[in-house]
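**Q** Here you go, sequence then predicted model.
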Amino acid sequence: MIFKKPSSKEVIFTLISWVIVLSAINFLCGLIVKNTYIAVDAIDEKAAQNSFGYFKPDQDKVILFPGLEPYHVRINSLGLRSVGPAGELSLEEIQNKYRILAMGDSLTFGLFVDDEDSYPYRLQNILSEEGKNAVVLNAGVGSATITDYIYYLKVKGLALRPDLVTINFCTNDLGEMKKDKPLYQKMKEDNKFSLGKTIKLTKFMRIFRKFELDYRFNRWMKKIKDDAVRKAIVERSQNIDDIMKVAAYHAGTPVTDPFAAELKESWANYFKALDELAALLKENHAGFLYIIYPDIVTVFDGGKRNYQDIIIPYLERNGIEYLDLRPVFQANKDSILEIYNDLPRDFHLDGLGAQLLAEEFYERIKDKIR
């Protein structure tokens with residue numbers, strides 16, 4: 001058999017046909033996946049010029065995560081997570097308001113919950129309802145720690161001219177300090193164009209990622225060696241003993257035994273960085289409020305001692321204003337399932353937890369704002 005070499009017209013026709021077919025498939029897939037993604041778009045070199053946060057400005061996405069409910073994330077024009085209509089302001093417009101820069105990790109960002117259930121959003125609502133001329137700037141991002149906050153302040157945060165800066169302590173902060181480079185820098189450098197990444201973001205590929213979620217969740221469950229912990233997570237047990245067992249399994253030494261000798265150096269490095277952060281804010285005439293997030297283990301006194309007993313004496317010695325949420329959460333133990341997001345699968349704050357935090361926050365600062 002003799003094969004005839006296709007003509008240029010035939011090649012072009014074939015290519016155009018494939019483009020049309022693939023475009024049609026991609027369009028149909030878009031009808032299924034709609035606005036669902038697996039992550040919010042991080043900054044790159046270009047976006048960083050106009051963003052004051054860790055994300056590209058003007059995003060509106062529903063985010064999927066294995067084992068949890070989809071959640072809605074909006075990123076405003078400043079590259080910060082939305083705190084509602086009252087926070088949809090330009091850089092020039094916020095200068096006429098009392099500016100609260102909420103730095104932090106996934107707790108501040110509001111991981112796994114809709115915008116409305118993040119504490120900065122709830123705080124903005126209270127401020128608006130009380131007629132306070134203030135704006136909350138949610139600069140939270142997952143996996144951030146105190147060294148990341150220092151870097152972010154220097155390259156972006158201070159340009160917002162905050163009147164008050166807040167950070168939160170979570171127990172993963174100690175381990176997160178071991179990064180090779182600040183998170184802001186890493187996100188910007190890692191988010192470069194690649195053909196593979198572009199293909200993954202097509203609607204055609206996103207539909208496969210959506211169906212992959214159950215597989216990924218089951219794979220994670222197989223890695224859990226403790227049968228009781230795995231069973232509690234899979235069945236979404238609402239029994240407090242099961243929840244505490246899962247919490248202790250994931251928490252690690254900073255929660256279960258914060259005074260352990262192996263953590264001495266980590267605490268020293270953390271407080272050294274906190275000294276630097278406090279000095280930077282003082283130099284720039286910004287107020288500082290430190291939030292101590294209560295791990296559920298500390299709410300139920302499930303560890304040998306509590307990390308609050310390490311942090312609070314340091315804060316008081318150094319004159320740093322703080323908000324300890326543990327007593328507030330302990331007073332609301334009966335509603336613990338509404339305080340945290342999706343126990344025992346997730347231990348971030350849900351709407352009630354965010355509201356309790358926001359109310360305590362407001363009471364602490366209300367007299368500072370006209």
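**A** Alright, I've got the coordinates.

**Q** So which residues of the stretch 201-350 of the chain form strands?
**A** 287-292, 322-324, 340-342, 346-349 (DSSP state E, counting those that start in this stretch).

**Q** Can you tell me which of these is most buried?
**A** strand 346-349 (a mean of 23; mean count of other CB atoms under 10 Å). The way it works is simple: take the backbone N, C-alpha and C, and place the C-beta from them, glycine included.

**Q** Show residues contacting the next helix or strand after that strand.
**A** As assigned by DSSP states H and E, the chain's next helix or strand after strand 346-349 is helix 351-365. Helix 351-365 has contacts (CB atoms under 8 Å, 6 or more residues apart in numbering) with 100, 110, 113, 116-119, 121-123, 125-127, 130, 164, 166, 289, 291, 321, 323, 325, 328-329, 332, 335, 338-341, 349.

**Q** Among these, which are located in helices?
**A** Residues from these lying in helices, with DSSP state H as the criterion: 119, 121-123, 125-127, 328-329, 338-339.

**Q** so which of these is the most crowded?
**A** Among the ones in helices among the contacts of helix 351-365, the one with the most neighbours (other CB atoms under 10 Å) is residue 119, at 33 neighbours.

**Q** That residue reaches residue 113, doesn't it?
**A** No: taking contacts as CB atoms under 8 Å, residue 119 lies outside contact range of residue 113: 9.8 Å.

**Q** How about the contacts made by residue 282?
**A** residue 288.

**Q** what separates residue 269 from residue 147, distance-wise?
**A** According to CB to CB, to the nearest Å, residue 269 and residue 147 sit 9 Å apart.

**Q** got any residues that touch both of these two?
**A** residue 177.

**Q** Between those two, which is the more surrounded one?
**A** Applying other CB under 10 Å to residue 269 and residue 147 shows that residue 147 carries more neighbours, namely 22 against 15.

**Q** Does the helix or strand where the more buried one lies pack against any helices or strands, and if so which?
**A** Element membership of residue 147 [criterion: DSSP H and E] is helix 146-155. If you count contacts as 3 or more CB pairs under 8 Å, 6 or more residues apart in numbering; DSSP states H and E, helix 146-155 packs onto strand 98-104, strand 164-169, helix 183-190, helix 264-283.

**Q** residue contacts, residue 254?
**A** 171-172, 174-175, 263, 266, 307.

**Q** Count the residues that sit near the residue nearest to residue 274 when sequence neighbours are not counted.
**A** In space, residue 274 comes closest to residue 146 once its chain neighbours are excluded; the distance is 6.0 Å by CB to CB, 6 or more residues apart in numbering. Neighbour count of residue 146, defined by other CB under 10 Å: 22.

**Q** Next up, the contacts around residue 146.
**A** Residue 146 neighbours (CB under 8 Å, 6+ apart): 167, 173, 177, 270, 273-274, 277.

**Q** Okay, it and residue 109: tell me how far apart.
**A** Taking CB to CB, one finds residue 146 at 16 Å from residue 109.

**Q** Low-confidence ranges, the stretch 1-150 of the chain, go.
**A** 1-4, 10-11, 21-34 (pLDDT under 70).

**Q** quick one: the strands in it?
**A** 36-37, 59-63, 71-75, 98-104, 134-140.

**Q** And residue 357, how close does it get to residue 108?
**A** 10 Å.

**Q** okay, and the common contacts of those two?
**A** Shared contacts of residue 357 and residue 108, counting by CB under 8 Å, 6+ apart, come down to residue 119.

**Q** mind showing which ranges of the stretch 151-300 of the chain have poor pLDDT?
**A** 193-210.

**Q** can you list the helices and strands packed on helix 146-155 in CSV and add distance to residue 48?
**A** Shown next, in CSV, are those (distance: least, CB to CB, whole Å):
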stretch, distance to residue 48
strand 98-104, 17
strand 164-169, 20
helix 183-190, 5
helix 264-283, 21
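
**Q** Counting neighbours, what do you get for residue 56?
**A** 19.

**Q** Could you verify my assumption that it touches residue 43?
**A** Yes: counting by CB under 8 Å, residue 43 is a contact partner of residue 56 at 6.0 Å.

**Q** tell me, what's touching those two both at once?
**A** residue 79.

**Q** which among the contacts of residue 146 gets closest to residue 91?
**A** If you rank the contacts of residue 146 by distance to residue 91 using CB to CB, residue 167 comes first, at 22.0 Å.

**Q** Quick check: bridge partners of that closest one?
**A** residue 290 (DSSP bridges).

**Q** Next up, the contacts around it.
**A** If you count contacts by CB under 8 Å, 6+ apart, then residue 167 has 103-104, 146, 149, 277, 290-291 around it.

**Q** how about 6 Å then?
**A** 103-104, 149 (CB atoms under 6 Å, 6 or more residues apart in numbering).

**Q** Could you export those residues to TSV, including columns for distance to residue 90?
**A** As requested, the contacts of residue 167 are exported to TSV (distance: CB to CB, whole Å):
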residue	distance to residue 90
103	21
104	24
149	24
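
**Q** Go through the residues you listed and name the one nearest residue 224.
**A** Nearest to residue 224 among these, with distances taken as CB to CB, is residue 104, at 27.8 Å.

**Q** State the distance from that closest one to residue 141.
**A** 8 Å.

**Q** Same question for residue 286.
**A** With CB to CB as the criterion, residue 286 and residue 141 are 19 Å apart.

**Q** Might you report the residue contacts of the residue nearest to residue 76 when sequence neighbours are not counted?
**A** Nearest residue to residue 76 in three dimensions, chain neighbours excluded: residue 82, at 5.1 Å (CB to CB, 6+ apart). Residue 82 makes contact with 74, 76, 115 under the criterion CB under 6 Å, 6+ apart.
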